[in-house]
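In: Sequence and predicted structure are below.
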Amino acid sequence: MPGKKVLVVDDDEEIVCFVEMTLKEAGYEVVTASNGKEGLDKARTARPDLILLDLAMPVMHGYEVCHALRADESFNNTQIVVTSGKSYPVDIKNAKDAGANHYMVKPYGLNQLLDMVNRALGT
């Protein structure tokens, strides 16, 4: 959806490239970060509508980023989609407890990615 901004925070360069290309082709503005701290910093400056946030990253874990974002009231309306290779119910619960709105298991395909982003943004 034009005008919507998505921040992709993942330390896997291939995933970042795939997501960035897919979302740009769908009309989204995309900002990227390769670790948790950079992701938090970019979230504060770019003010995205949605954040795709990997969990296992260098510098700052995804749960820490999620907690920090949710502690800041200016991110109350920002959708956070945690992405992880783990699909256990406890992992999903921990992500939701940290403040994630949605959880998406890796690997995911183009259609699953677009469906999740569109659903999270209500488009």
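Out: Everything's here; your move.
In: so which helix or strand takes in the residue nearest the centre of the chain?
Out: In the chain, the residue lying closest to the centroid (C-alpha atoms, centre = their mean) is residue 52, at 1.1 Å. Residue 52 is located in strand 50-54, with elements delineated by DSSP states H and E.
In: for residue 45, same thing?
Out: Short version, using DSSP H and E: residue 45 is in helix 36-46.
In: Now that helix: average pLDDT?
Out: What helix 36-46 shows for mean pLDDT is 97.
In: got any ranges where the protein has weak pLDDT?
Out: Counting by pLDDT under 70, the ranges of the chain that qualify are 1-2.
In: quick one: the strands in this structure?
Out: Applying DSSP state E to the chain gives strands spanning 5-9, 29-33, 50-54, 79-84, 102-105.
In: Quick one: closest of the ones you listed to residue 19.
Out: Smallest distance to residue 19 across these (C-beta to C-beta): 4.9 Å, for strand 5-9. No exception for glycine: its C-beta is placed from N, CA and C like everyone else's.
In: Just confirm residue 65 contacts residue 36, I think it does.
Out: Yes - Residue 65 is in contact with residue 36 according to C-beta atoms under 8 Å; the separation is 4.6 Å.
In: Mind checking which of those two has more residues around it?
Out: Using other C-beta atoms under 10 Å, the more surrounded residue of residue 65 and residue 36 is residue 65, with 29 against 25.
In: Pull the contacting residues for that one.
Out: With contacts defined as C-beta atoms under 8 Å, 6 or more residues apart in numbering, residue 65 is in contact with 9, 36, 39, 40, 43, 53.
In: ditto for residue 104
Out: If you count contacts by C-beta under 8 Å, 6+ apart, residue 104 has them with 52, 81, 82, 83, 112, 113, 116.
In: related to what we said a few turns ago, tell me which residues of the helix holding residue 45 come out buried.
Out: Of the residues in helix 36-46, 36, 37, 38, 39, 40, 42, 43, 46 count as buried by neighbour count, 16 or more other C-beta atoms under 10 Å.
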